[in-house]
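Enquirer: need a 3D model of the following:
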Amino acid sequence: MNLVIVESPTKAKTIQRFLPAGFTVRSSYGHIRDLPRQKLGVNVDNNFEPQYTVTLIARKKLADIKKLLSKTDKVILATDEDREGEAIAWHLTYALKLNAKETERIVFHEITKPAIAQAIKSPRAIDMNLVNAQQARRILDRLVGYKLSPFLWRKVAKGLSAGRVQSVAVRLIVERERAIAAFKADEYWSIEALLKKSDNPLEFSATLIKENDKPISKLDIKNEAEAKKIVQDLTGAQYKATNLSQKEVNRYPSPPFVTSTLQQDAVNKLYFSAKQTMQIAQQLYEGISLGQEGSVGLITYMRTDSVSLAKEAVEQIRGYIKEEFGQNYLPPAARIYKTKSKGAQEAHEAIRPTDISYDPEKIKAYLTPHQYKLYKLIWRRALACQMASAVLSTTAVDISAKHYLFRATGSQIKFDGFLKIYNGKTQEIILPPLTKDELLELLKLNPNQHFTQPPARFSEAALIKALEELGIGRPSTYAPTISTILDRNYVQKNPEKKFMPTDIGCQVNDLLVEHFPEIVDWQFTANMEEQLDKIAEGKLAWVPVIREFYVPFSEHLAQKYQDVAKQKPEPEMTDKICPQCQAPLLIRTSRFGKFYACSKFPACRYTENIAQELGVGCPKCFEGQIIAKRTKRGKIFYACSRYPKCDFALWNKPTGAKCPQCGALLVAAKNGTKCSNKECDYKEKNQPVE
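Expert: Got it, this is the predicted structure:
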């Protein structure tokens, strides 16, 4: 018997279908050895030797696998083809006491019959360079977390944590929030002419761009008085088309998805979180049961920073385009995409369907709504990347009026190309047919007030993009980094799903920036990622890399324990009385925010949450008020103030308005509001701001 070991039971079920008789597939259920949870687990005095332990959950799984070893002729390790998967394979050899020379390692980018058959034919040894890169990251993060977190407990508050990537992410959010707070808006005006031809009812707009042949920049018209002066000056002006230009512009499709771009598009288009996106993608990769066809892996491996596609996949996609859309939609040659990100070597292909013929609509019945939406997004992106370019006809018309010049622009889609299936909402702006020196009729001259806008807060998509551009983290780290900073209550999401730092997040960030600048410096963190990549490539040994970081860090930390005083935010006095001892209550701050505490602490340990009333009555008991509360992990929810007498609760913030369809409370949602009643589909979208 040949025993194949993978990480996931779903993956095991899918692979078993593609193997001949004599092969048995079992799952390790993820990592089976890791650093211990309750101690450092790294011997800093002996070349940073890790002290791995087998997790309790893994022991039973290993016992089941060990029972099969006596009947096994060959063990094949088929874990994922990235560093994490390589490390799991290596740990399995130790935990199961396998003979490394007799154990085979196979990898594949997709769970399909041809890919599995090819992998079985070409086994290899475990790649210790990839294992060492994973070990180095794990040990490095453990050293930072387990050494720096106790410092934060002593100097700020218990329960805090620091991390090599998470602390940089928090810094980005804190600094963006402070830039927003410091921003001072500048007023500016634009002037727009609404025009038409005498023989054509189509109205169009033209914007003022020049005065006396001098360009008018965005902020040149500073106030209403200046705008009105121009409007007055244009009284009685004759509007004449003076210059016309028309050209065709090709719009090219985007490359197929990598991890970061998939997460960004899923956030922006599907409103999925990065964590949710990766969980669903994992399901699609490992296999979905398609009725009588059985379990099928629908997409290739989803942790990748490569945009390349296999030759066979490109040929299949091009064949599908020609058959389904026609020759016009097929470019003469296949599109070749090159990876730009540094150290892109986590996988050899972009994220794509394993078989383009699995049209999302044809298999929709076998997918959950979320699986269908994400698979459709991946399927369309992969198809679009090999389709013909869209062709847009663009027109620019200059219109003179006295010594002023206006410009109108228009665009029309002459050929939709890839827009037929992806990003097909390109807005056309139609202009009437115009000729040089043609006179136009002015319908209205509009002076419009504007104000410069502060930098936008980070959404999940924007934060992932920023981390990627700075070279911080890798495909497998974006989602867990975001989950960590939310769970630690260093940041929160506002009703628009944008990140805002909490008080404790700002406090921790400021302390790290002042005393451990290297930990929150993105260039330092990016350089460390490059070193980890070089370890994976066999160009660096992992122990010297860790030592080069740890020795000065450890000495610096020891000095800071002596130099840095305990950060004690001054408590705020209140007129509230402690119900247990009648002493005054104070407002104190923890990592979960502000709370009431007895002024006689530690003699009296009474505490009370500060209820944030929303001015919304409870729709269930009609007596209490809806207040903001926190779970034990710091997540905000909204509940009745009469709990436990009334158990009404919501995750989304209520607006106070009622649903016009069912009367339930409306709550904040992405880009608008929605009904809190799960059985009601009422939604409202935010109106665009002029």
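Enquirer: helix or strand with the lowest mean pLDDT in this protein?
Expert: Every helix and strand of the chain was ranked by mean pLDDT, DSSP states H and E. The lowest is strand 683-685, at a mean of 73.
Enquirer: which other helices and strands contact the longest helix seen in the chain?
Expert: Counting residues, the longest helix found in the chain (DSSP state H) is helix 128-155. Counting contacts by 3 or more CB pairs under 8 Å, 6 or more residues apart in numbering; DSSP states H and E, helix 128-155 packs against strand 42-43, strand 49-50, helix 83-95, helix 503-515, helix 522-536, helix 542-563. (C-beta placed from N, C-alpha, C; glycine too.)
Enquirer: avg pLDDT for the second one?
Expert: Predicted confidence along strand 49-50 averages 96 (mean pLDDT).
Enquirer: which elements pack onto that strand?
Expert: strand 42-43, helix 128-155.
Enquirer: how about the longest helix of the chain: buried residues?
Expert: Using 16 or more other CB atoms under 10 Å as the test for burial, helix 128-155 gives 129-152, 155.
Enquirer: how about stretch 224-243?
Expert: Going by 16+ other CB under 10 Å, stretch 224-243 has these buried residues: 227, 230, 234, 239, 241.
Enquirer: same check on stretch 482-496?
Expert: Under 16+ other CB under 10 Å, the buried positions of stretch 482-496 are 482, 484-486, 488-493.
Enquirer: show me the contact partners of that stretch.
Expert: 160-161, 163, 166, 169-170, 173, 273-275, 457, 460, 463-464, 499-502, 504-505, 508-509, 591-593, 633-636, 652-653, 668-671 (CB atoms under 8 Å, 6 or more residues apart in numbering).
Enquirer: tell me where the stretch 201-350 of the chain has helices.
Expert: Using DSSP state H, counting those that start in this stretch, the helices of the stretch 201-350 of the chain run over residues 224-233, 259-265, 274-286, 311-325.
Enquirer: among those helices, show me which one is buried the most.
Expert: Comparing the helices of the stretch 201-350 of the chain by mean neighbour count (mean count of other CB atoms under 10 Å), helix 259-265 ranks first with a mean of 25.
Enquirer: that helix - what's its average pLDDT?
Expert: 94.
Enquirer: next: stretch 443-455.
Expert: Here the average pLDDT along stretch 443-455 is 95.
Enquirer: quick one: residues in contact with it.
Expert: 176, 179-180, 183, 185-196, 203, 219, 224, 227-228, 230-231, 234, 690.
Enquirer: next: stretch 317-334.
Expert: So stretch 317-334 is contacted by 309, 314-315, 356-357, 382-383, 386-389, 415, 417-418, 420 (CB under 8 Å, 6+ apart).
Enquirer: tell me which two in those are the farthest apart.
Expert: Farthest pair in the contacts of stretch 317-334 (CB to CB) is Ser357 and Phe415. Separation: 25.3 Å.
Enquirer: the more surrounded of the two?
Expert: Taking neighbours as other CB atoms under 10 Å, Ser357 and Phe415 compare with Phe415 leading, 17 against 11.
Enquirer: how much space separates that one from Ala390?
Expert: Phe415 is 6 Å from Ala390, where distance means CB to CB, to the nearest Å.
Enquirer: likewise for Ser205?
Expert: 24 Å.
Enquirer: of those two, which one has the most company?
Expert: Ala390 (21 against 16).
Enquirer: got phi/psi on the closest residue to Arg547 other than its chain neighbours?
Expert: The shortest distance from Arg547 to any non-neighbouring residue, by CB to CB, 6 or more residues apart in numbering, is to Phe48 (7.1 Å). Backbone torsions of Phe48, given as degrees, to the nearest 10, read phi 60, psi 40.
Enquirer: what's the burial count for Phe48?
Expert: 20.
Enquirer: that one touches Tyr550, doesn't it?
Expert: Yes: contact criterion CB atoms under 8 Å: Phe48 and Tyr550 qualify, at 7.3 Å.
Enquirer: how near is the residue nearest to Gly41 when sequence neighbours are not counted to Ser245?
Expert: Distances taken as CB to CB, 6+ apart place Leu35 nearest to Gly41, at 3.8 Å, with adjacent residues excluded. Separation of Leu35 from Ser245 (CB to CB): 65 Å.
Enquirer: which of those two has more neighbours?
Expert: Using other CB under 10 Å as the criterion, Leu35 and Ser245 rank with Leu35 on top: 18 against 10.
Enquirer: Ile116 and Tyr358, how far apart?
Expert: Separation of Ile116 from Tyr358 (CB to CB): 17 Å.
Enquirer: that should have said Thr72, apologies.
Expert: In terms of CB to CB, Thr72 sits 34 Å off from Tyr358.
Enquirer: try Glu86
Expert: Going from Glu86 to Tyr358 by CB to CB gives 29 Å.
Enquirer: among the two, which residue is more densely surrounded?
Expert: Of the pair Glu86 and Tyr358, Glu86 is the one with more neighbours under other CB under 10 Å, namely 25 against 18.
Enquirer: what residues does stretch 168-183 touch?
Expert: Contacts for stretch 168-183 (CB under 8 Å, 6+ apart): 454-455, 457-458, 463, 466-467, 470, 472, 481-482, 485, 490-491, 499-501, 505-506, 508-510, 512-513, 520-522, 525.
Enquirer: of these, buried ones?
Expert: Among the contacts of stretch 168-183, those buried by neighbour count (16+ other CB under 10 Å) are 457-458, 463, 466-467, 472, 481-482, 485, 490-491, 499-501, 505-506, 508-509, 512-513, 520-522, 525.
Enquirer: output the below-cut-off pLDDT ranges for the stretch 301-450 of the chain.
Expert: 341-347, 424-425 (pLDDT under 70).
Enquirer: for Ala639, which non-adjacent residue is closest in space?
Expert: Distance criterion CB to CB, 6+ apart; nearest residue to Ala639, sequence neighbours excluded, is Ala649 at 4.1 Å.
Enquirer: verify the contact between the one you found and Arg642 for me.
Expert: No: contact between Ala649 and Arg642 fails when scored by CB under 8 Å: they sit 11.7 Å apart.
Enquirer: neighbour count for those two, which is higher?
Expert: Comparing Ala649 with Arg642 by other CB under 10 Å, the one with more neighbours is Arg642, at 16 against 13.
Enquirer: show the contacting residues for the more buried one.
Expert: Arg642 neighbours (CB under 8 Å, 6+ apart): 618, 621, 623-624.
Enquirer: equivalent analysis for Phe553, please.
Expert: 143-144, 147, 518.
Enquirer: ok, these vs Glu211, which is closest?
Expert: Glu518 (52.1 Å).
Enquirer: same for the host helix or strand of Ala117, what does it pack against?
Expert: Here Ala117 sits within helix 113-121, counting by DSSP states H and E. If you count contacts as 3+ CB pairs under 8 Å, 6+ apart, helix 113-121 packs onto helix 9-18.
Enquirer: state the mean pLDDT of whichever helix or strand comes after the helix it packs on.
Expert: Counting by DSSP H and E, the next helix or strand C-terminal to helix 9-18 is strand 23-27. Model confidence over strand 23-27 averages 93 on the pLDDT scale.
Enquirer: other residues contacting strand 23-27?
Expert: 1-9, 11-13, 15-16, 19, 61, 64-65, 68, 78.
Enquirer: same deal with stretch 462-479?
Expert: Contacts for stretch 462-479 (CB under 8 Å, 6+ apart): 82-84, 165, 168-169, 172-173, 258-260, 263-264, 267, 273-275, 277-278, 303-305, 341-343, 346, 456, 458, 481-482, 499, 522, 525-526, 529-530.
Enquirer: give me the mean pLDDT for that stretch.
Expert: Model confidence over stretch 462-479, given as mean pLDDT, is 89.
Enquirer: so Phe458 versus Pro50, what's the distance?
Expert: When Phe458 is compared with Pro50 (using CB to CB), they lie 34 Å apart.
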